[in-house]
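>>> the following comprises the amino acid sequence and a computationally predicted model.
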Amino acid sequence: MMPSAAAGNFGRHNRAAEIAVLGAGCAGLSLAAAASPQQAEQMLLVGPADDRPSHIWGFWQMPWLDQPARLARKSWYKWLIATPAGSHIHQADQHTYHALDSSVWLDECRRKIARNRIRQITSPAERRGDGLLWADTQPLTASRVLDARPPKARPGILLQHFLGYEITAPQDVFDPALARLMDFRTGQAKGLNFIYLLPFDRRRALVESTFFSTEAQPEPVYDQLIRSYLKTQFGLTRFRITHREKGLIPMGRLQPHDPLIEERFGGNGGAVRASSGYAFGFIQKQIARMLAGGTAIARPQPPHRQLDIWMDQVFLRVLAGDPAGAPALFLALAQALDGDGLARFLSGSARLADYLAVMRAMPTGRFLSAALCGPGSRS
């Protein structure tokens, strides 16, 4: 079988029937690690190792996430969404919220890949002027190419950006049973901001200052908001920082890493939830569908329902038009659903009753106006 022009010319490293997986980050490693022996022997993994510092991935328990849940650092059945005007605590019966260290998951994937003896090229693949894909100056041959390299964001897109610390307090201050997923009681002078706080025990927690805006802030801005929040909410003025993490997640429609490669997955294949930035759970959902056959690898499909995609686009238009009103929207969303309903809605598994409850809770005029703006609006 000859490779297509989109796949490129991948020469002596592998048989022509093999599948080249571009990208060795979360999506690429997760796919290779979850492959059956028959699927694994078809693969060639191309790309340098993800050597970023470990960071936390959050997700709700769903049927396709049993293994990540077993490796989670901590889990919570209760979580808080708070604003200056009020707050709401959810308690879930089924869909626990989990925090997973990225290094724990990626190391587990690497062990499975080594056990399956999947071949790897650790240099990046790139397209040269002749239109072919190369890795480490050597052409590669594959009948299929699956691209999991990072997508590209359009200028001016809404961003979720954050700086976080893992801290140790000198005394017991945290409720280890309650995760604070969004706390808008921070002051909004620098833009739409909230604190995300995951308590690992009574003295240790991850605390992040997060913004939704089109530009990142200088690090002292995040730091000051974290310190102010800890002092106001917990009376905490002294603590030890044991780990730092920062990130920037585009929110909205993203452009593929290479539009000439048709089979894309992970963030490059639309796995990032546009309205929240959640990605890990959707990547695993997409991969589970790709590998469900056990022998062949199915063509990647976006893991989101069309209704969820449309609702996210409308929500982002509302958010862009009225950032100051966002805390009230998130509180209304929290109050409209019970804990399991909110987890289902944010994980792409909402029931009809969940959708109807969300629609009833949102301000009709603002959302109808945003819906009528059409796909050309910024999102």
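Received it, and whenever you're ready, just let me know what you need.

>>> just the helices in the stretch 251-379 of the chain please.
Ranges of helices in the stretch 251-379 of the chain, per DSSP state H, counting those that start in this stretch, are 280-290, 306-321, 326-336, 339-346, 352-361, 364-372.

>>> including mean pLDDT, could the ones you listed go into JSON lines?
Formatted as JSON lines, the helices of the stretch 251-379 of the chain follow (pLDDT from 0 to 100):
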{"stretch": "helix 280-290", "mean pLDDT": "97"}
{"stretch": "helix 306-321", "mean pLDDT": "91"}
{"stretch": "helix 326-336", "mean pLDDT": "95"}
{"stretch": "helix 339-346", "mean pLDDT": "97"}
{"stretch": "helix 352-361", "mean pLDDT": "96"}
{"stretch": "helix 364-372", "mean pLDDT": "85"}
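
>>> can you redo the ones you listed as TSV with mean neighbour count and distance to Asp93?
No exception for glycine: its C-beta is placed from N, CA and C like everyone else's. Listed next are the helices of the stretch 251-379 of the chain as TSV, based on neighbours: other CB atoms under 10 Å; distance: least, CB to CB, whole Å:
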stretch	mean neighbour count	distance to Asp93
helix 280-290	22	19
helix 306-321	18	23
helix 326-336	20	17
helix 339-346	22	6
helix 352-361	14	15
helix 364-372	14	30
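
>>> distance to Lys231 for these - can I get that in JSON lines?
Shown next, in JSON lines, are the helices of the stretch 251-379 of the chain (distance: least, CB to CB, whole Å):
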{"stretch": "helix 280-290", "distance to Lys231": "32"}
{"stretch": "helix 306-321", "distance to Lys231": "29"}
{"stretch": "helix 326-336", "distance to Lys231": "21"}
{"stretch": "helix 339-346", "distance to Lys231": "29"}
{"stretch": "helix 352-361", "distance to Lys231": "33"}
{"stretch": "helix 364-372", "distance to Lys231": "35"}
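
>>> quick one: closest of those to Glu108.
Minimum separation from Glu108 across the helices of the stretch 251-379 of the chain (CB to CB) falls at helix 280-290, 12.6 Å.

>>> packing partners of the closest one?
Contact here means 3 or more CB pairs under 8 Å, 6 or more residues apart in numbering; DSSP states H and E; on that basis helix 280-290 packs against helix 26-34, strand 56-60.

>>> repeat that with 10 Å
Packing partners of helix 280-290 (3 or more CB pairs under 10 Å, 6 or more residues apart in numbering; DSSP states H and E): helix 26-34, strand 56-60, helix 66-70, strand 97-101, helix 102-116.

>>> just how off-centre is the second one within its chain?
Taking CA atoms, centre = their mean, to the nearest Å, the mean C-alpha location of strand 56-60 is offset from the chain mean by 8 Å.

>>> same deal with the third one?
Chain-centre distance of helix 66-70: 16 Å, with CA atoms, centre = their mean.

>>> and the contacts of that helix?
With contact meaning CB atoms under 10 Å, 6 or more residues apart in numbering, helix 66-70 is reached by 30, 33-34, 57, 59-62, 75, 96, 98, 100, 104-105, 108, 280-281, 284.

>>> just the buried residues of those.
Buried positions within these, assessed by neighbour count (16 or more other CB atoms under 10 Å), are 30, 33-34, 57, 59-62, 96, 98, 100, 105, 108, 280-281, 284.

>>> looking at those, spot the one nearest Ile121.
Among the buried ones among the contacts of helix 66-70, and counting by CB to CB, the member closest to Ile121 is Ala33, at 17.2 Å.
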